[in-house]
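In: Structure for the following, please:
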Amino acid sequence: MSNTPDPARALEILRRVFGYPAFRNAQQDIVGHVSEGGDALVLMPTGGGKSLCYQIPALLRNQAGLGIGVVISPLIALMQDQVAALDEVGVRAAYLNSSLSSAEAVAVERRVRSGDLDLLYIAPERLMTERCLQLLEDSRVGLFAIDEAHCVSQWGHDFRPEYIQLSILHERYPQVPRIALTATADMQTRAEIIERLQLQHARVFISSFDRPNIRYRIVEKQNARAQLEHFIETEHSQECGIVYCLSRKKVDETAVFLNSRGIQALPYHAGMDQKARQQNQARFLREDGLVMVATIAFGMGIDKPDVRFVAHLDLPKSIEGYYQETGRAGRDGLPSDAWMTYGLQDVVQQRRMIDESEADEQFKRMSSSRLDAMLGLCETAECRRVRLLTYFGEASEPCGNCDTCLTPPHTFDGTVEVQKLLSCIYRTGQRFGAMHVIDVLRGISNEKSRQWRHDELSTFGIGADRSDQEWRSMIRQCIALSLIAIDHEAFGALKLTAESRAVLKGEQNIHLRQSIKAAKLPKASRAQGRASLNPVEGLDAAGTRLYERLRNWRLETARSHNLPAYVIFHDGTLREIAKRRPGSVDELLDVPGVGAKKLEAYGQAIVALCDAEPA
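Out: Residues are numbered from 1 along each chain as shown. Below you'll find the predicted structure:
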């Protein structure tokens, strides 16, 4: 057997095993580079086809006698789903993790040593055990793939300390190529991945971070749960989505609230019993129309393609985290929403968390810088997608498919209002939080203003022409512009910064976005995205009926195999079948997503369904 992988076979494997006619974007270059023994760092958005970038090289190298592909993956559920999906297409794959009994683990180890596997998925904690390292020493390893590689970054949002130890792969197996993959990493995170995984000589592949099918929308927080309910009911009724909350308590309360309103919702957070958490995740992956309410402990590596929305009830810590979380929507390419409700208290809370953390000053400065970028995204009057992509170093044009493009916010010269605000903060001694400063500006006489004699200040009532909501918006924007800081040692007091001096002196003008209640974007207008919202759009009546019959068949088949429905076939594949109505098994092979193993397993049943539906 040759020890040189044949790159020409990559396309054959893509078509025969996975059922796709051609590689997308940089996939072919990545597959060729890694198959031939090169190291790589791959940044590719969720849904961009990262898995194929290591699965196909692993198959090529194993077929060439170079050994098994070892995939380091951080989540048990992710491993299980990926192994199940590979089994469906006829790839010999297994996993080693804590869900296996001793006997099951020994059986997998035996298969690894005997060369009876193409891919082995393993958690980093397991990899570092002496038993596992000895298993690899006793076996032929042709490739290491490090999935979710951003977990190595201490600056990142999903830091896993076990990932730092993965430099051992290069030290013990210098001749085995390594490919590290992630959906998101800013410049600092990329540098840390390269340094910690010793990938200094690796080729870096960066795909566009743009997810054109996702609509980004950020609304001012009024009544967050009521706003969420309205958003789901009017735009995503009976559709699958994820709602992120900052605290475990808020997760539980929000899930209860949504269920009380007739929206099926499940909670997920680290404080739950592990069995209950796993059951909820399994239901979310296998059932349609469920909403998962979760902390950021949920979602990494989730392959469910039909998540139609991701909502945030609290401000994320960074654009990197926000992008990673919103990227779990619309993996199937159909229009999806990234919706967030955000208010002044979110800013105060995140600042407090940074200031009160036990991290060193460098970490706090970096966290503050990333939060500032997130605030800038929230407060921008320009295209949100342009702002988002700029953060990752990618230039773009206004997208026409975010809230600021579809309903452009009004801006105004807010210099005078900002001067009033800064002056009021100064005259009240820079010792009070936003609520009190706003009361003084609006001339609201209460016990606190009388106690501190703030009703006698020259700034008392000078902002009475503006509402509480408007002043909150202006304070948020001033924080985002670094004109105001929050002093948590003084219980969240607003303080002036050095940058505010030029504004107070009239040397700098400030333009602000007008605070308005966000209008609901009509669902029909979402056709401005690149894909159709309606999966049966373009199908005739017979095709639509066939599509629903295929979905029902897929659901029953998935249940009988104890698999998520999308592991059998994605919606896009079913739509193509309904559109083409193949009259034979051979014709079915031309449908994207139908490989040889699935053709053998399901071809006759699908053709029979097509024959039963008159054209």
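
In: for the stretch 151-300 of the chain, what spans make up the helices?
Out: Ranges of helices in the stretch 151-300 of the chain, per DSSP state H, counting those that start in this stretch, are 161-164, 168-172, 187-196, 224-235, 248-260, 274-286.

In: Quick one: closest of those helices to residue 335.
Out: helix 224-235 (10.6 Å; CB to CB). C-beta coordinates here come from the backbone N, C-alpha and C atoms, glycine included.

In: Compute the inter-axis angle for the closest one and helix 248-260.
Out: Counting by axes from the mean of the first three to the mean of the last three CA atoms, to 10 degrees, helix 224-235 lies at 40 degrees to helix 248-260.

In: For helix 224-235, what is the distance to the chain centroid?
Out: Helix 224-235 sits 21 Å away from the centroid of its parent chain (CA atoms, centre = their mean, to the nearest Å).

In: on that earlier part again, which one of the helices of the stretch 151-300 of the chain lies closest to residue 19?
Out: Between the helices of the stretch 151-300 of the chain, helix 274-286 lies closest to residue 19; by CB to CB that is 21.3 Å.

In: hmm, who's touching that closest one?
Out: 77, 81, 240, 266-270, 272, 290, 292, 298, 302, 304, 558-559, 563-565 (CB atoms under 8 Å, 6 or more residues apart in numbering).

In: any chance you could map the helices in the stretch 301-450 of the chain?
Out: Using DSSP H, counting those that start in this stretch, the helices assigned to the stretch 301-450 of the chain run over residues 319-326, 344-356, 361-379, 384-391, 403-406, 415-427, 434-442, 447-451.

In: Mind naming the longest helix for the chain?
Out: Ordering each helix of the chain by length in residues (DSSP state H) puts helix 541-561 first.

In: For that one, give me every contacting residue.
Out: Residues from elsewhere that reach helix 541-561 (CB under 8 Å, 6+ apart): 286, 535-536, 539, 564-565, 567-569, 571, 574-575, 577-579, 581, 602, 605-606, 609-610, 612-615.

In: taking these one by one, which sit in helices?
Out: Those of the contacts of helix 541-561 lying in helices (DSSP H): 286, 565, 567-568, 571, 574-575, 577-579, 602, 605-606, 609-610.

In: the bottom helix or strand of the chain by mean pLDDT?
Out: helix 161-164 (a mean of 87; mean pLDDT, DSSP states H and E).

In: ok, back up a step: right, so of the helices of the stretch 301-450 of the chain, which gets closest to residue 501?
Out: With CB to CB as the criterion, residue 501 lies closest to helix 415-427 of those, at 9.2 Å.

In: tell me what the closest one is packed against?
Out: Secondary-structure packing of helix 415-427 (3 or more CB pairs under 8 Å, 6 or more residues apart in numbering; DSSP states H and E): helix 434-442, helix 468-480, strand 484-487, strand 493-496, helix 500-504.

In: In terms of secondary structure, what does the first one contact?
Out: Okay, so that is helix 434-442. helix 415-427, helix 447-451, helix 468-480.

In: One more pass at 6 Å, please.
Out: For helix 434-442, the elements it packs on are helix 415-427, helix 468-480, judged by 3 or more CB pairs under 6 Å, 6 or more residues apart in numbering; DSSP states H and E.

In: I'd like to know which of these is closest to residue 153.
Out: helix 468-480 (24.6 Å).

In: got the buried residues for the closest one?
Out: Buried residues in helix 468-480, defined by neighbour count with 16 or more other CB atoms under 10 Å: 469-480.

In: pLDDT of the host helix or strand of residue 106, averaged?
Out: Counting by DSSP states H and E, the element that carries residue 106 is helix 102-114. Mean per-residue pLDDT for helix 102-114: 96.

In: what's next to that helix, contact-wise?
Out: Under the contact criterion CB atoms under 6 Å, 6 or more residues apart in numbering, helix 102-114 has outside partners 94, 96, 117, 120, 135, 138-139.

In: How far does it sit from its chain's centre?
Out: Per CA atoms, centre = their mean, the centroid offset for helix 102-114 relative to its chain is 34 Å.

In: Also stretch 431-442?
Out: The answer for stretch 431-442 is 37 Å, by CA atoms, centre = their mean.

In: if we can go back for a sec, list the buried residues in the least confident helix or strand of the chain.
Out: 162-164.

In: nearest to residue 51, of these?
Out: Of those, the one sitting nearest to residue 51 (CB to CB) turns out to be residue 163, at 18.6 Å.

In: Count the neighbours of the residue nearest to the closest one when sequence neighbours are not counted for me.
Out: In space, and not counting its chain neighbours, residue 163 is closest to residue 152: 4.0 Å by CB to CB, 6 or more residues apart in numbering. When neighbours are counted by other CB atoms under 10 Å, residue 152 registers 29.

In: Before we move on, what's the pLDDT of residue 152?
Out: 90.

In: got it, and the one 5 residues further on?
Out: At residue 157 the predicted local distance difference test score is 61.

In: which regions of the stretch 401-550 of the chain sit below the pLDDT cut-off?
Out: 516-537 (pLDDT under 70).

In: Which secondary structure element is home to residue 512?
Out: strand 511-513.

In: got the buried residues for that strand?
Out: 512-513.

In: Could you do stretch 232-239 as well?
Out: In stretch 232-239, counting by 16+ other CB under 10 Å, buried: 232, 235-236, 239.

In: What is the neighbour count of residue 456?
Out: Residues within reach of residue 456, counting by other CB under 10 Å, total 9.

In: how near is it to residue 427?
Out: 10 Å (CB to CB, to the nearest Å).

In: about what we covered before: just the C-alpha atoms of the longest helix of the chain, please, in PDB.
Out: Provided in PDB are the C-alpha atoms of helix 541-561 (Å, rounded to 0.1, in the frame of the first residue of the first chain):
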ATOM      1  CA  ALA A 541     -48.100  21.600  -5.000                       C
ATOM      2  CA  ALA A 542     -47.100  18.000  -5.600                       C
ATOM      3  CA  GLY A 543     -43.500  18.900  -4.600                       C
ATOM      4  CA  THR A 544     -44.700  20.500  -1.400                       C
ATOM      5  CA  ARG A 545     -46.700  17.500  -0.400                       C
ATOM      6  CA  LEU A 546     -43.800  15.200  -1.200                       C
ATOM      7  CA  TYR A 547     -41.500  17.400   0.900                       C
ATOM      8  CA  GLU A 548     -43.800  16.900   3.900                       C
ATOM      9  CA  ARG A 549     -44.000  13.200   3.300                       C
ATOM     10  CA  LEU A 550     -40.200  13.000   3.200                       C
ATOM     11  CA  ARG A 551     -39.900  15.000   6.500                       C
ATOM     12  CA  ASN A 552     -42.400  12.600   8.200                       C
ATOM     13  CA  TRP A 553     -40.500   9.600   6.900                       C
ATOM     14  CA  ARG A 554     -37.200  11.100   8.100                       C
ATOM     15  CA  LEU A 555     -38.600  11.700  11.500                       C
ATOM     16  CA  GLU A 556     -39.800   8.100  11.900                       C
ATOM     17  CA  THR A 557     -36.500   6.800  10.500                       C
ATOM     18  CA  ALA A 558     -34.500   9.000  12.900                       C
ATOM     19  CA  ARG A 559     -36.500   7.800  15.900                       C
ATOM     20  CA  SER A 560     -36.100   4.200  15.000                       C
ATOM     21  CA  HIS A 561     -32.300   4.800  14.800                       C
END
